[in-house]
Structure formats: structure tokens, C-alpha cells
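In: A structural model of the following input is requested.
(one chain, ligands or ions: 1)
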Amino acid sequence: MSAECYTIEALLNGAPSLRALNPPARLAVFGDPVAHSASPPMHNAALRHLGLPWQYVRLRITPEELATALRQLSAAGFLGVNVTIPHKTSVLPYLHSVEPAAQRMGAVNTILVEGDQLRGFNTDGPGLVRAIREEFAVDLKDLRVLLLGAGGGAGRAIAVQCAMEGCERLVLVNRTQEKAQQLARELEEFFRSDRLVGPVNRLMAIPWEDSALREQIEQTDLIINASSVGMRLSDSPLLSQSLLTPNLMIYDTVYSAGKSRLLQDGEQAGARTANGLSMLLHQGALALEIWLNAVPPLEVMRQALQQHQAQN
Ligand code: NAP
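Out: Numbers count the residues shown, from 1 in each chain. You can find the predicted model right below:
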């Protein structure tokens, strides 16, 4: 099984080099950069376990190459692909259909090839729902959520998912506050109800300032970090330690750093914490379900991910 990172040349003219692999490539992740992606070991472990004679490869596809690469998929015999940074939003116009939730999120991370048709899905949001249930034994819909990094791609997908789940409260926080305010306007319709949760708004966008955060964290069960801060252990802290309290659950979508600063500070405050590996696992399992219409071997995929993380 290859750990290589292929380029668009490998896809052209029916992808002879990808077909010649043993086993042949029928699934892939498109991204730039993509060499770090943990998806191939996770999906390849699943394919082996299911006895399917295919493999999942990394393809470094630049924004200029995206349209051409997508056009090659059907002829190259691909079942589907994942797309990651920087293609999750820019891919939408090239798809023949996009499921409504992904349309609202404005982002697709999974594409199913059906004949010459490309169908777009977003499994990040549903993957997070499963991750929260698994990590904290609670349902997102029952929680008051404060979301950091609400203006980014992952943040938007998570905010839309929280809204669609009907979570108790959603407080949106983003470095560029206008993006969070715009998103709050888009999600207003989900929070119009007679449901009483006390003297606080169910949906808000607030500035990234300690005083505003303190006030909202008092009315929060779950803090989610969807910003890219925390990927390096040298990153400055996202929240002052004094804002973190033992009653909180803290989920960091970042998974590359093991325990990010936010999670370390949360643990020290006595909060329950978890990193984004479980979201990565569940978004991957959901993608596999879409491509194969089969039950994904979750524990096999989890083990492969953990092994990959330990080695990198
Ligand atoms: P993105 O679209 O580039 O968004 C980046 C976000 O981070 C924006 O909200 C941005 O705020 C914020 N940000 C960047 N630098 C900041 C700083 N210094 N201080 C405060 N906020 C800052 O990236 P993305 O695709 O959403 O990815 C974000 C994170 O989610 C990444 O760490 C990624 O690994 C993670 N993720 C995890 C999974 C998983 O399965 N676990 C899935 C998807 C994504 P502005 O709007 O102000 O620029």
C-alpha cells in the first residue's frame, strides 16, 4: 500500500498509474497541502478489513487543477473522493448535486461518483455529532454551545449542524466578528421558537473578548474550538485559563497536536476534554458509508488513526 502523494498527472488519461497500483486506487483525498492527511491509513485499513481490492490515495490538487481533476474521476474509475483545504467551498459549482445540509454549510468534504455525475456531501457536521456523543455521552441537541472559529469552513459546518440539531443555545465567536454576525443572521430561523432557556438569547455572535466570553461561558455546557489555532503547541492560548470551569465540556477539532493548549488548560480547570480525532474518525466512517453503502469497521479505522497519530 503506497504512502505516496500523487499529482494531477496521475489522474489524466484514465489514470493508468493509479489503476496499476496493487490494489488499484478507487478513492482519494484532494487537497493542497495533503501529504499530512491521516485519511489514507484510516480508509485503507477499512477497505482491507472489508475485503475490498481497492486503495485510497492522496492527490495534491491545486485550486487551478480542481475542475480538471474532478472531470477525470468517472473515467479514472473512482468511487468517490474527499476534498480538504483549500477545496471544500470552491468545489460546489462543479458538482451535479449537493445535499441540502452541505449546501447550507457552503462546504462539501465528500463526493460520490455516480456514472458521470458528482454528488456532494458534508460529513464533518454529522461526524461531530457522533464524536460529541461518543466523547461525552450527551447529544449536541441538548447542549448550550459556544463555538470558537465560527467563521472558518469547519466552524460554519459545525454551526449549521448545531442549528439543524436544534441545540439549546449557540454562541458564535470569531476573530473577524462580522463573519460570525453574518452566520448568526443566516441561522436565525432555526432558533425562532417559544422554548425558554432563561433570560438569554438562544443565538448570538459575540466579540472575542474576555468580558463577553465570561458572561456567555456561564451559560455554556460545551466549548468547541473550530479555529485553526492550536495546531502547533507553540500557539498562543485561545481562552484565558480563568474562563475555564469544571462544569464545562471542551472539544477541540484540532487533532494534530495531541492535547492542544486549550485542552491542557481545560483539564487543569477540571473540565472534560476531547480532541478532534473522534470527529475525523466519524466523518471518515460516514464518507465510507456514502461510497460503499456498507457498515464501516469503526474500531479498525480508529486503531489505524491512532497508530498514524503515534507515528507522526
Ligand atoms: P479555515 O476555513 O481556514 O478557518 C480558520 C478559522 O480559524 C477562522 O475562523 C479564522 O478566523 C480562525 N483563526 C485563524 N487564525 C486565528 C487566530 N490567530 N486567532 C483566532 N482565530 C483564528 O480552516 P478550517 O478548514 O475551518 O479548519 C479549522 C480547524 O478545524 C483546523 O484546525 C482543522 O484541522 C480542523 N478540522 C478538524 C476536522 C476533524 O475532523 N477533526 C475536520 C475539519 C476541520 P478568521 O475568520 O478571523 O480568519
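
In: tell me which parts of the chain are close to the ligand?
Out: 85, 124, 149, 151-155, 174-176, 179, 226-229, 231, 253-255, 276, 279-280, 283 (Cβ under 6 Å from any ligand atom). C-beta: built from backbone N, CA, C; applies to glycine.

In: next one: phi and psi at Leu167?
Out: Actually, residue 167 is Cys. It isn't Leu. Per-residue torsions, Cys167: phi -60, psi 160 (degrees, to the nearest 10).

In: how close does it get to Ser37?
Out: Separation of Cys167 from Ser37 (Cβ to Cβ, to the nearest Å) stands at 30 Å.

In: Same check on Gln182?
Out: 30 Å.

In: Same check on Lys88?
Out: 14 Å.

In: what's the answer for Phe121, then?
Out: Counting by Cβ to Cβ, the gap from Phe121 to Ser37 is 18 Å.

In: circling back: which ones among the residues of the chain next to the ligand map onto helices?
Out: Counting by DSSP state H, the part of the residues of the chain next to the ligand found in helices is 124, 153-155, 179, 279-280, 283.

In: between those residues, which is nearest Pro100?
Out: Asp124 (15.2 Å; Cβ to Cβ).

In: correct me, but that closest one touches Gly155?
Out: No. Here Asp124 lies out of contact with Gly155, judged by Cβ atoms under 8 Å, at a distance of 10.2 Å.

In: Compare the two and say which one has the larger neighbour count.
Out: A count of neighbours by other Cβ atoms under 10 Å puts Asp124 above the other of Asp124 and Gly155, at 29 against 25.

In: Report the contact partners of that one.
Out: For Asp124, the contacting residues are 105, 107, 109, 154, 157-158, 161, 279, 283, by Cβ atoms under 8 Å, 6 or more residues apart in numbering.

In: try 10 Å
Out: 88, 102, 105, 107-110, 153-154, 156-158, 160-161, 226, 253, 279-280, 282-283, 286-287 (Cβ atoms under 10 Å, 6 or more residues apart in numbering).

In: how much space between Gln182 and Ile250?
Out: 26 Å.

In: higher neighbour count, the two?
Out: Each of Gln182 and Ile250 has its neighbours counted (other Cβ under 10 Å); Ile250 has more, 24 against 17.

In: Where does the more buried one sit: helix, strand or coil?
Out: Using DSSP: H, G, I helix; E, B strand; the rest coil, the secondary structure recorded for Ile250 is strand.

In: can you pull up the bridge partners for it?
Out: For Ile250, the beta-bridge partners under DSSP bridges are Ile223, Thr273.

In: Could you measure from it over to the ligand?
Out: According to Cβ to the nearest ligand atom, to the nearest Å, Ile250 and the ligand sit 14 Å apart.
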